[in-house]
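# Sequence and computational prediction follow.
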Amino acid sequence: MSKTLLQAGLIVSILYLSAFGVQAQSAAPSVALTVDSAAVVAPVQSQVAKRTASTDTIMAVMKLFSRRRGGGAGWVASAGLVTLRGYVASRNANTTTINGVVVEQSDADVTPVLLVGGAVAAYGVSKLVRFSNGRLDEVLDAYNQGQPLPQWVQRRLKPKFFLVQPKGK
């Protein structure tokens, strides 16, 4: 990447110097160098545009994975809190007291609370696994080698994840 940027900088510098007639002082007669600036600038601009689009796509994928991991952590935390609250409530479900003395106590069934909490936690963990850093590295390595993004990633990418918004939106 830095080699491409250096080449682009060199070409732009040469064009800048030739456009303003900057010349080194010499005793020899100067030779006019004609350069078709459109032929030089167009490939550089297309390379910069490709690099910008590639970088924007990479940033969008990173943002997607980050948001989904955060959502997975939220699901797991919520499941833990709801399950804990349901478990505590079910343990003290039916308590009868007379003058502060427990006369009768029957616990409610905690199975539904644990099943619901477990299902929500499993969903959160599945998001954490699907959008892990290792998986992100695999996707970006394949993309940098010229492969298209996997379909499951493309489906989830939204315009808000990109820095450069498409025109007309």
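Received, thanks.

# which non-adjacent residue is nearest residue 82?
residue 117 (5.8 Å; CB to CB, 6 or more residues apart in numbering). C-beta: built from backbone N, CA, C; applies to glycine.

# what's the one you found in contact with, if anything?
Listed by CB atoms under 8 Å, 6 or more residues apart in numbering, the contact set of residue 117 reads 79-80, 82-83, 86.

# What is the nearest of those residues to residue 149?
residue 79 (30.2 Å; CB to CB).

# and the closest one, what element?
helix 37-91 (DSSP states H and E).

# and that helix, average pLDDT?
For helix 37-91, mean pLDDT is 77.

# quick one on the thing from earlier: among the contacts of residue 117, name the buried ones.
Among the contacts of residue 117, those classed as buried by 16 or more other CB atoms under 10 Å are 79, 83, 86.

# Going by distance to residue 64, which of those residues wins?
The closest of the buried ones among the contacts of residue 117, once distances to residue 64 are taken by CB to CB, is residue 79, at 22.7 Å.

# And the closest one, how close does it get to residue 116?
Distance, residue 79 to residue 116, by CB to CB, to the nearest Å: 8 Å.

# Just give the nearest non-adjacent residue to residue 86, would you?
Leaving out its chain neighbours, the residue that sits closest to residue 86 by CB to CB, 6+ apart is residue 113, at 3.5 Å.

# Now the element after whichever strand or helix holds the one you found, going C-ward?
Secondary structure assigned from DSSP H and E places residue 113 in helix 111-130. On the C-terminal side of helix 111-130, the closest following helix or strand by DSSP H and E is helix 133-144.

# Before I go, just wanted to say thanks for your time.
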